[in-house]
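> Sharing a sequence plus its predicted fold:
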2 protein chains.
Amino acid sequence: MNNLLVAQSGGPTAAINATLVGVLQGVRASGKVDKVFGAKNGIDGVLKEEFIDLNELVQDTEALDTLLYTPSSALGSCRHKMGDWRTNEMEYKKAVEVLLKNEIKYFIYIGGNDSMDTVDKLSEYCSLNHYDIIVMGAPKTVDNDLNLTDHSPGFGSAAKYIATTVAELERDISVYDVPAVTIVEIMGRNAGWLTAAAALARVNGGAGADLIYLCEKDFDNNRFIQDVREQLAKKPGILIAVSEGVKDNNGVYVSDQVSTGAVDNFGHKYIAGAARALEQMIRNEIGCKVRSVELNLMQRAAAHIASETDIIESSMLGQKALRCALDGETGRMAAIRRISDKPYRVEFISVPVNEVANHEKVVPMEWITASGNDVTSELMDYMLPLIQGETNIKYENGIPKQIKLY
Amino acid sequence: MNNLLVAQSGGPTAAINATLVGVLQGVRASGKVDKVFGAKNGIDGVLKEEFIDLNELVQDTEALDTLLYTPSSALGSCRHKMGDWRTNEMEYKKAVEVLLKNEIKYFIYIGGNDSMDTVDKLSEYCSLNHYDIIVMGAPKTVDNDLNLTDHSPGFGSAAKYIATTVAELERDISVYDVPAVTIVEIMGRNAGWLTAAAALARVNGGAGADLIYLCEKDFDNNRFIQDVREQLAKKPGILIAVSEGVKDNNGVYVSDQVSTGAVDNFGHKYIAGAARALEQMIRNEIGCKVRSVELNLMQRAAAHIASETDIIESSMLGQKALRCALDGETGRMAAIRRISDKPYRVEFISVPVNEVANHEKVVPMEWITASGNDVTSELMDYMLPLIQGETNIKYENGIPKQIKLY
């Protein structure tokens, strides 16, 4: 039997199920797969042999269409990173035993950095031990920090949510005639791609975020306060976008700098984000009205405003990963190569997964302005195509229709 | 000349511009208004004679269509509450002087509680002093706390955003197999209507929020911890919705209870919301993974997922306010009367504004379950019609098109 197993891992995105749909569409179109299963909670589900039967789903066009627009990982997720098989072979033996028992010839793992590490190690283990098991990766991450792919599925949808939300917040904060600062904290510990998307709020001429601080650039408190004062001199309502992971030139997170002294009634340290810390800083240094807003889980879960480009590409990557697997490729990841910005054209390729795993693609310094508080037009050109198009998401009783697989 | 002045006030919503559009559509259709102006920043713009010429806009169908879906107050806003004219007539004299100078016969003020107080006082002042100036109110508030109207424009759109977001968050928090609590803080200091909308995430069978705490009901910390423990015994990922204004039986805000001891490096008190306070409480008492999410400004600004029902009704209320004004009504507010839930039918009426101003319509206690951690089916029936329908919002370059009036 040539069975296929697919699993999802890492933090959820609005597009990760589109990649699953792509794999399943590929299964249906190819006719080369006997049975298809999903492992529940990523590699954990492989090790525990917790499988979800997807054979009916493959034939159900309507259900696949709903899955395409359902956010988060329909097969569940995990944070499990497999160890080195050279030092501890146990897990690998167990995984292979489960795969062989279920006559799995193809295993496709959809995920980010850590998941690609699993693809790398497991494919290598299978190859070296001559198991007829193919392991392919399909990328996923809102953070857009995966190597060797022009961009990552999930990023475009999160960027569209952020751009739209910042444009809406800009309208909201502009109505009063009194000095006020609003700080929007955006996901990204080490890579500022999502924060950069706040600049896309300007594509139709609006101000969007007035100041944008990515975590790639050293954050200078004094310079920040000066930037804010300069903006306040121009207009009353100021909007600032900041990466959750901004740090000073010693690598200390801004959130840690300011909140060190804060403890609650139980003597526990108060956990504040970057925006909350900067809010306190402005309150102390400038004294104007100030508030912070975290886009939090919404930015990765907002399927209702997913980018059509992102959803289509995510599904194409699932199809590509399957095609590569059927062609006998193993230890590789489906990826996107950009051919041109204007017009936007891409092709789908496969890349060696060991050059993806454990690397982090951050925003190039030359795409951040010299002032350190904005992005360049090159970065805008890079991001703009990724948020284009609206999906055909279906509503039922006033909210988007979703599907649950378990 | 029979000129008309329109202004907006109070906190922004996704539907307040739809009411402005309704007024302007009414102006165009009636043929009884000579010139139409907007006052910038509410009553402040009247006192300062800062007017925006809207005569071209009235004829511009495309611009009106964009304005219909642009969030926040396109004419700006203010928090100015007029004093009592019996004790201080100055402001009233100034307002009337500006209105008469510009030959304003009709003044329509779109806003919440405080704005209706202005409508009440100013209309009374004009009537008693025999000025030929009509002052009409049109309601607006995401909080849904206005008296004498079945519901308030802006609420339905915010409720649709909340229901959709909670449904998306439920998918997001359900992927891992480890105990974790996510607390979503929703707007509402005294009225829990918006928090109740978290229950609408269940309309298609999803779990939505597992526990819902409205600010109308006394909040009991011990009972809360017990509720959370019970939910965690059933499944690993728990979602909780809570009003920002939950208080204990002494009227002390939950946010104040827990954060009293927390000060930052400068010795300033740490400002935490209810969710953040409950997050700390769960961390201390239960010790599982816990995080908090604030829907913050997004819930009132998210025009991209506005309720079509809300937008249509908001515009109809603007038209109704204008029609009443042209018919000579003054000191009244356009309002919605519900005829039936199923099928949903309403009519547009006018009500005496002095019975609206300075009242607050909270969620009836009988619409909260006895357990205090959920809403009843009656409340669901009340809310469900208000989030129905999706708008024809236009996108440009990947984000919703907006219009600025100044």
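Sure, I can see it. Residues are numbered from 1 along each chain as shown, chains lettered A, B, ... in the order given.

> From the chain's centre, how far out is stretch A:158-169? Work that out for me.
Relative to its chain's centre, stretch A:158-169 lies at 15 Å (CA atoms, centre = their mean, to the nearest Å).

> That one near chain B anywhere?
Yes. Using CB under 8 Å from any CB of the partner chain, we find that stretch A:158-169 touches chain B at A:160, A:163-165, A:167-169. Any C-beta I mention is one placed from the backbone N, CA and C, and that applies to glycine too.

> Take those residues and keep only those in helices.
A:160, A:163-165, A:167-169 (DSSP state H).

> what sits up against stretch A:250-258?
The contact list for stretch A:250-258, computed with CB atoms under 8 Å, 6 or more residues apart in numbering or on different chains, reads A:219, A:221, A:244-248, A:272-274, A:276-278, A:280-281, B:264-265.

> Just the endpoints, please. Distance across stretch A:35-46?
Start-to-end span of stretch A:35-46 (CA to CA, to the nearest Å) is 16 Å.

> Same check on stretch A:128-135?
First-to-last residue span, stretch A:128-135, CA to CA: 13 Å.

> same check, this time on stretch A:28-48
Terminal-residue distance, stretch A:28-48 (CA to CA): 27 Å.

> Show me which positions of that stretch end up buried.
A:33, A:35-47 (16 or more other CB atoms under 10 Å in any protein chain shown).

> Same check on stretch A:380-396?
Buried residues in stretch A:380-396 (16+ other CB under 10 Å): A:380, A:382-391, A:393, A:395.

> Out of the residues you listed, the closest to chain B would be?
Within these, the smallest distance to chain B is 3.8 Å, found for residue A:387 (CB to the nearest CB).

> which stretches of the stretch 151-300 of chain A form strands?
A:180-186, A:211-213, A:237-243, A:289-294 (DSSP state E, counting those that start in this stretch).

> Count the neighbours of residue A:198 for me.
33 (other CB atoms under 10 Å in any protein chain shown).

> about what we covered before: so of the buried residues of stretch A:28-48, which ones are in strands?
A:36-39 (DSSP state E).

> Quick check: which ranges of the stretch 1-150 of chain A have low pLDDT?
The model of the stretch 1-150 of chain A has no residue with pLDDT under 70.

> who in it is up against chain B?
A:8, A:12, A:41, A:44, A:70-73, A:76-79.

> which of the buried residues of stretch A:28-48 lies closest to chain B?
residue A:41 (5.2 Å).

> which residues sit in contact with the closest one?
Here residue A:41 is in contact with A:50, A:75-78, B:175-177 (criterion: CB under 8 Å, 6+ apart).

> Please, a PyMOL command that selects the buried ones among those residues?
Selecting the buried subset of the contacts of residue A:41 in PyMOL, with 16+ other CB under 10 Å as the burial test, is done by:
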select buried, (chain A and resi 50+75+76+77+78) or (chain B and resi 175+176+177)
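
> what would the contacts of residue A:41 look like in JSON lines with distance to residue A:293?
Putting the contacts of residue A:41 into JSON lines (distance: CB to CB, whole Å) gives the following:
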{"residue": "A:50", "distance to residue A:293": "38"}
{"residue": "A:75", "distance to residue A:293": "32"}
{"residue": "A:76", "distance to residue A:293": "30"}
{"residue": "A:77", "distance to residue A:293": "26"}
{"residue": "A:78", "distance to residue A:293": "30"}
{"residue": "B:175", "distance to residue A:293": "25"}
{"residue": "B:176", "distance to residue A:293": "26"}
{"residue": "B:177", "distance to residue A:293": "31"}
